[in-house]
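Enquirer: Dropping the sequence and predicted coords here.
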Amino acid sequence: MKGRTNREPLRLLFGLNGPCKDQLERPLGGKMPLNNQIAPERRHWSGMVFNGLPPGSGVLFEDVTLDERIGAEAAALLIDPEPDQLLANASLNLNLKAGIASTAYGPVLFLIWWIPPIVNGRPSAFYEQVMNPLHFKTSGVLRCLAGQTHLHVLLIGPIGQVLTVFEYRNTFGFDGIRAGVDLARVAWPGSDDFQRAKRAYEQEYDIDKLLADEES
């Protein structure tokens, strides 16, 4: 598809199991976010493997435990069958462009994870993720993500193994994304067909244009 990627990105619904039950049971007001920063001596995940992941590249959210002292948290699985370029970096300058796309069949939440530089409108790498903002769990997943001090991005290799984990201070704006999801759910008047909405989004929205205001 023109303007998408050299390798067509996998468009995944969230895969969060739970989701983040402990976090969702916390009252909304007056609670400190979950401090899920991992100490250096606790960074051991060579034995972690995820089974049953779809083929191709993409991102999905999953409920994981990286440190038993912290417990379950919402993390992003970055799936790439050819991860050598990402592994060559000690850290990734990972950015997120998110929004709600309107289609005749319902709204679509898109999250485009991209790595600079952007040259001629195209980042050096990007991964596209879509979610159904009308699904009752979507807002809860975003609440879990917003309620953490850090986001852990697990780089997943071709057989589902965790190759490394990138840790970011949680400045991705998940509270604002969740607010947009809640507004979309209120505004949509009836039933939706998310599979048709996804196809319409892919046909009507060009990633180059969605990322156009990110180029510096």
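Expert: Sure, I can see it. Predicted, not measured: the structure shown is a model, and the values here were computed from it.
Enquirer: buried stuff in the longest helix anywhere in the chain?
Expert: The longest helix of the chain (DSSP state H) is helix 174-187. Under the neighbour-count criterion of 16 or more other Cβ atoms under 10 Å, helix 174-187 has Phe174, Ile177, Arg178, Gly180, Val181, Ala184, Arg185 buried. C-betas here are computed from N, CA, C, even on glycine.
Enquirer: Is it correct that the first one is in contact with Leu142?
Expert: Looking back up the chat, that one is Phe174. Yes: under the criterion of Cβ atoms under 8 Å, Phe174 makes contact with Leu142 at 5.2 Å.
Enquirer: what is in contact with these two at once?
Expert: Taking Cβ atoms under 8 Å, 6 or more residues apart in numbering as the contact criterion, Phe174 and Leu142 have no common neighbours.
Enquirer: Give me the nearest residue to Ile38, chain neighbours excluded.
Expert: Beyond its immediate neighbours in the sequence, the residue positioned closest to Ile38 (Cβ to Cβ, 6 or more residues apart in numbering) is Asp67, lying 5.2 Å away.
Enquirer: ok, now which ones touch that neighbour?
Expert: The contact partners of Asp67, taken as Cβ under 8 Å, 6+ apart, are Asn36, Ile38, Ala39, Arg42.
Enquirer: Return the list of helices and strands in contact with the host helix or strand of Leu109.
Expert: Here Leu109 is covered by strand 108-119, with elements defined by DSSP states H and E. Judged by 3 or more Cβ pairs under 8 Å, 6 or more residues apart in numbering; DSSP states H and E, the packing partners of strand 108-119 are strand 95-101, strand 122-131, helix 174-187, helix 194-204, helix 207-210.
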